Structure formats: C-alpha cells, structure tokens
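Trainee: I need the structure of the sequence given here:
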Amino acid sequence: MIFKTMILLPMAYLLGSVPCGVILTRIFSDVDIRSAGSGNIGAYNVFRIAGKRLGLMTLGGDLLKGAIPVLVGVFWLGVSDWKVEVLVSLIALSAFAGHLFPLFLGFKGGKGVATAAGCFLVISPIVFLVGVMVYILVLCWWGHSSTGSLSAAAILPGAVWVATQSVPLTGCALIMAVIIFVRHADNIRRLLKGTENSFPP
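Mentor: Numbers count the residues shown, from 1 in each chain. As a prediction, the model looks like this:
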C-alpha cells in the first residue's frame with residue numbers, strides 16, 4: 001500500500017496541476033485568462049471572458065482532475081477501511097492542491113471548487129449532488145456564483161459526515177472547505193461591499 005501511495009499522490013498532484021482554463025483559452029481563443037476578468041483560471045472566469053462553451057469545457061476538465069485520481073485510488077487500493085479512507089483523502093487533497101498550486105503555472109492556481117467537487121463525485125455521489133443543488137439554489141436566489149460556491153463549501157463537511165460517517169473523509173472535506181473560503185477572500189469582500197459580479201455576466 002505504501003508503494004501505491006507513493007505513485008498515487010504525485011499523480012494526483014500532477015493531474016490537478018493541469019491548467020484546463022489556460023490551455024483551452026490559449027487553443028480556442030486569443031485570451032490569456034490569467035490577465036483577464038478576475039484573473040482566475042477557473043470555469044466561471046473562463047465563462048465570463050471566453051464564453052459558455054469554453055467555460056463548460058473548463059468545468060468538465062477541472063471536475064475530472066479531482067475525479068480521476070480519486071477513482072484510480074479507490075479501485076487500486078481495494079477494500080475500504082479507515083486506512084484506505086485516509087489514503088483516499090490524501091489523494092483528493094493532492095489533486096486539490098495541484099489546482100491551487102499548479103506546478104505548470106508557477107504554483108499560482110485557482111480556487112479549487114470544481115476540483116473538490118470532482119473528488120467528492122467519486123467519494124460520495126450523494127454529497128456531490130447535495131453540493132450541486134445548494135450551489136444552484138443559492139446562485140438562483142442571490143445571483144452570485146461565489147455565493148453558491150461558498151454555500152456548497154460550507155455544507156460540505158457536514159454532508160460528508162452524514163453520508164459516510166468517516167473521520168478521514170470529513171476531515172478532508174473540512175480542509176477543502178476552509179481553503180475555499182480563504183481563496184474567496186476577495187469575493188467575500190466584494191459581496192460585503194455589494195460590488196461582486198452577478199451571474200450571468
């Protein structure tokens with residue numbers, strides 16, 4: 001299991017480091033997404049600057065960056081017990097860290113919402129669906145993507161605990177949720193001032 005972990009953790013980080021938004025906008029547009037709009041490499045900024053199609057493609061890519069390494073880990077590590085849950089949590093956090101601090105962009109990445117969602121799509125599809133529902137409901141009510149993301153992050157640890165009763169997986173969700181809030185510090189300030197971008201742009 002140690003050998004598998006030594007392979008899976010770097011693989012998860014490297015896959016998480018793939019900057020889908022940057023790659024797609026470079027190939028299919030003349031925009032450098034890092035210097036346009038909010039400067040974020042995630043799907044929402046791509047959606048706002050480069051259009052719906054590239055935004056959705058970026059969202060799919062960022063989801064897969066979380067889902068693929070966790071899925072490989074779940075199948076390769078075998079029967080689930082607390083040790084496997086710890087390792088799956090570390091794999092998820094490695095993919096998440098890759099998006100936040102991508103090797104290929106000088107460790108300057110995005111906010112991690114979609115990649116975290118991809119991880120929990122595999123870990124607990126029910127939690128993923130709950131998070132998506134919360135995001136959509138809050139987005140429709142308040143009209144801000146950031147508010148939806150923050151609300152989904154806020155309920156994530158509790159939803160994971162209810163669904164899995166797993167301390168390692170709940171701890172993983174809590175770490176991700178806290179980091180997502182930290183990465184949204186500018187959005188929170190704009191929300192408080194009433195200057196946050198509305199959705200759709």
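Trainee: OK, contacts around residue 156?
Mentor: With contacts defined as Cβ atoms under 8 Å, 6 or more residues apart in numbering, the neighbours of residue 156 are 116, 120, 127, 131, 173-174, 176-177. The C-beta positions use only the backbone N, C-alpha and C, and glycine is treated the same way.
Trainee: likewise residue 168?
Mentor: Taking Cβ under 8 Å, 6+ apart as the definition of contact, the neighbours of residue 168 are 82, 85-86, 88-89.
Trainee: Any chance you could list what contacts stretch 57-65?
Mentor: For stretch 57-65, the surrounding residues in contact (Cβ under 8 Å, 6+ apart) are 15-16, 18, 20-21, 24, 42-43, 46-47, 95, 98-99, 110, 114-115, 117-118, 121.
Trainee: Check which residues of the longest helix seen in the chain are buried.
Mentor: Using DSSP state H, we find that the single longest helix of the chain is helix 52-77. Neighbour counts using 16 or more other Cβ atoms under 10 Å place 54-55, 57-59, 61-74, 77 of helix 52-77 among the buried residues.
Trainee: cool, and stretch 157-165?
Mentor: Of all the residues in stretch 157-165, those buried under the rule 16+ other Cβ under 10 Å are 157, 159-161, 163-164.
Trainee: Just give the closest residue to residue 71, not the sequence neighbours.
Mentor: What sits nearest to residue 71 in space, not counting adjacent residues and going by Cβ to Cβ, 6 or more residues apart in numbering, is residue 122, at 4.8 Å.
Trainee: Distance from the chain centre to the helix or strand the one you found falls within, please.
Mentor: Assessed by DSSP states H and E, residue 122 sits inside helix 113-123. The gap between the average C-alpha position of helix 113-123 and the chain average comes to 6 Å, counting by Cα atoms, centre = their mean, to the nearest Å.
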